[in-house]
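Novice: What follows is a predicted structure for the sequence shown.
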Protein chains: 2
Amino acid sequence: MTTGSRQRSRQQHDEIAHYLRTAIREGSFQPGDELPSEAELTQKFSSSRGPVRQALAALRGEGLISSGRGRRTVVLDNVLTQSFDDVISFSQWCRNAEIVPGQRTQWVARQPAERSLAASLRIADGDPVVSVFRLRLMDDVPAMVERLNYPLEVGRHVLAFDTDAGSIYQELLDRGVDIDRASRTIDAIGANEEDAKLLEVPVGTPLLRVRRRAFTGAGEIIESSDDRYLPWKASFTMNSTRGNPSSMSLVSTEHTAPA
Amino acid sequence: MTTGSRQRSRQQHDEIAHYLRTAIREGSFQPGDELPSEAELTQKFSSSRGPVRQALAALRGEGLISSGRGRRTVVLDNVLTQSFDDVISFSQWCRNAEIVPGQRTQWVARQPAERSLAASLRIADGDPVVSVFRLRLMDDVPAMVERLNYPLEVGRHVLAFDTDAGSIYQELLDRGVDIDRASRTIDAIGANEEDAKLLEVPVGTPLLRVRRRAFTGAGEIIESSDDRYLPWKASFTMNSTRGNPSSMSLVSTEHTAPA
DNA sequence: CAGTGGTCTAGACCACATG
DNA sequence: ATGTGGTCTAGACCACTGG
């Protein structure tokens, strides 16, 4: 459970993984170096092979190390991986990158869902939704426009929140909303008039659009959003390996070219 | 080893994972359904708990299922995941999506690497590289412009290959090049004159740019490429979960706005 | 050849969910 | 209270890499 706040790592595999991650991040193991063998790690942590392998599997999934039959496990070129929390929250991500996040709320509204939004949230046409429209800043400079939509049950918490105060995601977590997973679709789109004005760029400027849907463990849809980044402020990177198929996929879109 | 072509799954965990994947894909287990318990699976496959859990971990990593203490394992809404091969090869991806891939090679060249390319391939300034520039088609319609760069050792195989014939990736695999992992960076960029002409769109049209670097298991760089998609032809989707931090990350870019 | 990581077994205890 | 998945142990054999 890598939930919102810190959590003491009781589990052995967590301890081991944490030790290795830290050692790699701090340079005790340089890219190209060999990690201690599994046998050595079991000794060092007075553990058995299971937890050690579980820890290594985690790091492998994060793209930090590479291993294979007969070979020693080696450290890869450090690839900044991000936790679920970091990837879903702009504020969290900024803090990790040592950037000061900011926001200028344009409006917050409770309104009936129009067709496509209702479909996206899997609710009935016209059911109430809570929508938020914010300009997001990085070190006080415009970087992204954010359009968030929540079904009423979740949106209630948003209405009661000062959206200029910071992370809605954190607020929802604190209120006990069970955000379990998210699906993102990334493409490019030209800035419309609204985008252009807020981001202070000409209409048509290429923006990196990230549409996100967040789910509970039970599969209920919590959020449907549309973020548009200035491409010179942010980009996505991802890593895939033979063994660990990234859960990313390139998807053909059925849309036609804009008129 | 989920290498290029099919491979009989000798390993138990592969068999189990394959069985479950197939059953899910074919609808024997619908989204929301509970999977057989681990105990049942160990029985069904006359196996022990290890392989069963390894298989489930794989599906979890692919975003197909969700599990947790005390809860039964449930099937998530179908999330098309792609294998490493599919994600790295345009041809492979198209075939999966039942699209006919095509290509019109603009040029293939062996030339000295200019500064930034040399840095990206981690070779010396001016070292020879093999570059390929192709327009890629989906069902005979322009969809993407592809700029590939290989260090000479790998590029030799490309020079000897008819780049209008299809998948360079498959050719490299067949020649024994050990493509182990890849890192992608995704952002948006306006079409330049060259892009615009080939894709048959106005200059400045927002394109989805995917820059890729591919590595061997030993960490040598095999490829550095730049693909630019028409955003109405393709987009990326990815899924992240609490437990399985997607190896994706949003990265702040240091570039400044274009003049 | 010895050592490594990949796979597997057959037990065990725990935290949690559901009835 | 029962059953689930999460964790852990202490063995074992295999496939492969490297000296």
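Specialist: Structure received. Numbering: from 1, shown residues only, chains lettered A, B, ... in the order given.

Novice: And the strands in the stretch 101-250 of chain A?
Specialist: A:101-112, A:128-138, A:141-151, A:181-190, A:206-215, A:221-229, A:234-241, A:248-252 (DSSP state E, counting those that start in this stretch).

Novice: can you tell me which of those strands comes nearest to DNA strand D?
Specialist: Between DNA strand D and those, the shortest gap by C-beta to the nearest atom of the strand is with strand A:181-190, which sits at 13.6 Å. (C-beta placed from N, C-alpha, C; glycine too.)

Novice: what packs against the closest one?
Specialist: helix A:84-88, strand A:206-215, strand B:181-190, strand B:206-215, strand B:234-241 (3 or more C-beta pairs under 8 Å, 6 or more residues apart in numbering or on different chains; DSSP states H and E).

Novice: pLDDT of the fourth one, averaged?
Specialist: Right, strand B:206-215. In this model, strand B:206-215 has a mean pLDDT of 91.

Novice: Same question for the third one.
Specialist: Average pLDDT, strand B:181-190: 87.

Novice: try stretch A:38-57
Specialist: On average, stretch A:38-57 scores 94.

Novice: from the middle of its chain, how far away would that stretch be?
Specialist: 29 Å (C-alpha atoms, centre = their mean, to the nearest Å).

Novice: got a list of contacts for it?
Specialist: A:11-17, A:19-20, A:35-36, A:65, A:67, A:73, B:57 (C-beta atoms under 8 Å, 6 or more residues apart in numbering or on different chains).

Novice: hmm, 10 Å instead?
Specialist: Here stretch A:38-57 makes contact (C-beta atoms under 10 Å, 6 or more residues apart in numbering or on different chains) with A:11-21, A:35-37, A:60, A:64-65, A:67, A:72-73, A:243-244, B:50, B:54, B:57, B:61.

Novice: Give me the buried subset of those residues.
Specialist: Buried members of the contacts of stretch A:38-57, counted by 16 or more other C-beta atoms under 10 Å in any protein chain shown: A:12-17, A:19-21, A:35-36, A:60, A:64-65, A:67, A:73, A:243-244, B:54, B:57, B:61.

Novice: Show only the entries of those found in helices.
Specialist: A:12-17, A:19-21, A:60, B:54, B:57, B:61 (DSSP state H).

Novice: what bits of the stretch 101-250 of chain A have low per-residue confidence?
Specialist: In the predicted model of the stretch 101-250 of chain A, residues A:218, A:242-250 satisfy pLDDT under 70.

Novice: Find the closest residue to DNA strand D in it.
Specialist: For the stretch 101-250 of chain A, C-beta to the nearest atom of the strand, closest residue to DNA strand D: A:G217, 11.2 Å.

Novice: Number of residues surrounding that residue?
Specialist: The number of residues packed near A:G217 is 17, by other C-beta atoms under 10 Å in any protein chain shown.

Novice: Isn't it up against B:G32?
Specialist: No. A:G217 is beyond contact range of B:G32, at 12.0 Å (criterion: C-beta atoms under 10 Å).

Novice: the domain parsing of chain A - what is it?
Specialist: Split into domains by automatic domain parsing, chain A comes to A:12-75, A:84-229.

Novice: doesn't A:D180 make contact with A:G219?
Specialist: Yes. Using C-beta under 10 Å, A:G219 is in contact with A:D180, at 8.7 Å.

Novice: Have a look at those two and say which one is more surrounded.
Specialist: For A:G219 versus A:D180, neighbours defined as other C-beta under 10 Å are more numerous around A:D180 (20 against 16).

Novice: Name the nearest residue to the more buried one, ignoring sequence neighbours.
Specialist: Spatial nearest neighbour of A:D180, chain neighbours left out: A:G217 (4.1 Å); criterion: C-beta to C-beta, 6 or more residues apart in numbering or on different chains.

Novice: who's in contact with the one you found?
Specialist: Here A:G217 is in contact with A:D178, A:I179, A:D180, A:R181, B:S66, B:S67, B:G68, B:R71, B:V74, B:L76, B:T241, B:R242 (C-beta under 10 Å, 6+ apart).

Novice: Tally up the residues packed near the second one, please.
Specialist: A:I179 has 22 neighbouring residues, counting by other C-beta under 10 Å.

Novice: So what pairs up with the residue lying closest to it once chain neighbours are set aside in the strands?
Specialist: Distance criterion C-beta to C-beta, 6+ apart; nearest residue to A:I179, sequence neighbours excluded, is A:A214 at 5.5 Å. Using DSSP bridges, the bridge partners assigned to A:A214 are A:A182, A:E223.

Novice: ok, and of the ones in helices among the buried ones among the contacts of stretch A:38-57, which contact DNA strand D?
Specialist: A:Q12, A:H13 (C-beta under 7 Å from any atom of the strand).

Novice: For A:L207, state which of the ones in helices among the buried ones among the contacts of stretch A:38-57 is nearest.
Specialist: Nearest to A:L207 among those, counting by C-beta to C-beta, is B:G61 at 30.8 Å.

Novice: Quick check: that closest one vs DNA strand D, distance?
Specialist: 12 Å (C-beta to the nearest atom of the strand, to the nearest Å).

Novice: hang on, isn't that residue packed against A:T241?
Specialist: No. In this structure, B:G61 is not within contact of A:T241 by C-beta under 10 Å, at 11.0 Å.
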